[in-house]
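**Student:** okay, sequence plus prediction incoming.
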Amino acid sequence: MRSTPPGEAIPVQTPAASQIFTIVLSHGPLTRADIARRAGLSAAAVTKAVRPLIEAGYLVDEADGAARTALGRPANQVRVDAGRALFIGLKVTGDEIIGVLTDLCCRIRVARHVPLTSRDPGSVLAELAGLVQELRTEADGFGVQVRGLGVAVSGDVDRVAGVVRWSPFLEWRDIPLAEIVATVTGLPVTVENDVRALTVAEQWFGAGVGLTGFAVVTVGAGIGCGLVVNGTVVSGAYGVAGEIGHLAIDPAGPLCHCGNRGCVEAIAADPAIVRDVRAATGVAVADAAEALELAHRGDPGARAVYARAGEAIGRAIGAVANLLGPQRVIISGEGLAAYDLFADQIRDAFTAAAFGTAAQCDLQTRPLPFDEWARGAAATAIQSFITSDTSKE
């Protein structure tokens, strides 16, 4: 919600400076010539933008004998000083809060997990505030201030307003979370949908670096999708772009909690798999872990449920490929524990659904623990820190 940290702002007062810093952050170390080529800017513009960032200590100018100019002289490389600022990222689930302290390059320095005994906003806020204080104490040990806080929550989240419109797992509606958390912690706060936050981390620091179009599809308690189009993480006019979990692929399928039938989430999310394994096998599995164990023991009914889930996920990814033509789709989430049971079905259904050359989209799997989702929240805080001043231009 607030995008400029108290006491100090990074000196990126122009969109060009923000672009240059982001390029070095994601791709560095780089020479000034490399930066100019990637940014499509003149050498003079790069020098002008880089100078105040070096003076403020956010960039470091270092000589590297391996990098040389066309005349054979050594070319200095520019890199981000990762320890110049610290950030906190929080991932709030229905059962716990995962918190991480990261540096400016979004590398995790400290990670903490706090269980939740209640989903009441007041109770969650109290635990959140305590965890933030604990991580700030850890930051004091590094001698560096925390410059921003990102919070990732599942569901319909309005990042611009800082409001959680609807989070089904938390049962929250219209919670002005950024304002509340900023008041309690005194930090600039960015609130984002958890899958989009994970997508920001992949775009700037992970498997999406350098790609102008890709998607992150998450499988687990729900089915989520983050989209990058023309280099930008998109949320759509109403903040729900990428909701492939509620893509209806079987009109006669099971009822989804959204009110429609045959949604991908109603077939392939963990609660749906548990329900269907019980029905197919007669075994009262308690949760997704027990359903997975039964399938891994070779129960044909359980394995058929996972196969159907894989087909639904593959068809949904095919729809994404047809609509947006991403270079890559990154599949992640806790549901990847069952990937061996439905990998073939995902691939086959994707290939069948993708039109023409859309089938050439690169499918990658990246098992990412919840610490990485919290890191995604920290990535949104870093993003806000870098772009805050330029957004006011």
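**Tutor:** Good, I have the coordinates.
**Student:** contacting residues for W373?
**Tutor:** Shown in contact with W373 (CB atoms under 8 Å, 6 or more residues apart in numbering): K91, I98, A152, D194, A197, L198. All C-beta spots, glycine's among them, are computed from the backbone N, C-alpha and C.
**Student:** can you do 10 Å?
**Tutor:** 89-93, 98, 100, 152, 154, 194-195, 197-198, 201, 218, 332-334 (CB atoms under 10 Å, 6 or more residues apart in numbering).
**Student:** which of those fall in strands?
**Tutor:** The strands, defined by DSSP state E, take in G89, L90, K91, V92, I98, V100, A152, T218, S332 from those.
**Student:** and the pLDDT for the second one?
**Tutor:** Same thing as L90. L90 is assigned 98 on the pLDDT scale.
**Student:** which one of the ones in strands among the contacts of W373 is nearest R119?
**Tutor:** Set against R119, the nearest of the ones in strands among the contacts of W373 by CB to CB is V92 (9.4 Å).
**Student:** who's that closest one bridged to?
**Tutor:** The bridge-partner assignment for V92, based on DSSP bridges, gives I97, V153.
**Student:** count the residues that sit near it.
**Tutor:** 30 (other CB atoms under 10 Å).
**Student:** quick one: it and L170 touch, right?
**Tutor:** Yes: under the criterion of CB atoms under 10 Å, V92 makes contact with L170 at 6.9 Å.
**Student:** quick check, V181 in contact with V163.
**Tutor:** No: V181 lies out of contact with V163 (CB under 10 Å); the separation is 11.8 Å.
**Student:** do a quick rundown of the helices in this protein.
**Tutor:** Remark: helices assigned in the chain by DSSP state H are 15-27, 32-39, 43-55, 121-142, 177-185, 194-205, 264-268, 270-281, 288-296, 300-324, 339-353, 370-387.
**Student:** just put these in CSV and tack on distance to Q77.
**Tutor:** What follows is the helices of the chain, written out as CSV (distance: least, CB to CB, whole Å):
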stretch, distance to Q77
helix 15-27, 9
helix 32-39, 8
helix 43-55, 11
helix 121-142, 25
helix 177-185, 36
helix 194-205, 19
helix 264-268, 45
helix 270-281, 46
helix 288-296, 47
helix 300-324, 35
helix 339-353, 39
helix 370-387, 20
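**Student:** A75 is nearest to which of these?
**Tutor:** Using CB to CB, the helices of the chain put helix 32-39 closest to A75, at 6.8 Å.
**Student:** what mean pLDDT does that closest one have?
**Tutor:** What helix 32-39 shows for mean pLDDT is 95.
**Student:** now that helix: buried residues?
**Tutor:** Of all the residues in helix 32-39, those buried under the rule 16 or more other CB atoms under 10 Å are R32, D34, I35, A36, R38, A39.
**Student:** same check on stretch 347-363?
**Tutor:** For stretch 347-363, by 16+ other CB under 10 Å, it's A349, F350, A353, A354, A358, C361, L363.
**Student:** and the fifth one, how far is that from F342?
**Tutor:** Separation of A358 from F342 (CB to CB, to the nearest Å): 21 Å.
**Student:** then the third one?
**Tutor:** Applying CB to CB, the value for A353 to F342 is 15 Å.
**Student:** cool, the second one as well?
**Tutor:** From F350 across to F342, the span is 12 Å (CB to CB).
**Student:** can you check which residues contact both of these two?
**Tutor:** Counting by CB under 10 Å, 6+ apart, the residues touching both F350 and F342 are G310, E311, I313, G314.
**Student:** fine by me, thanks again.
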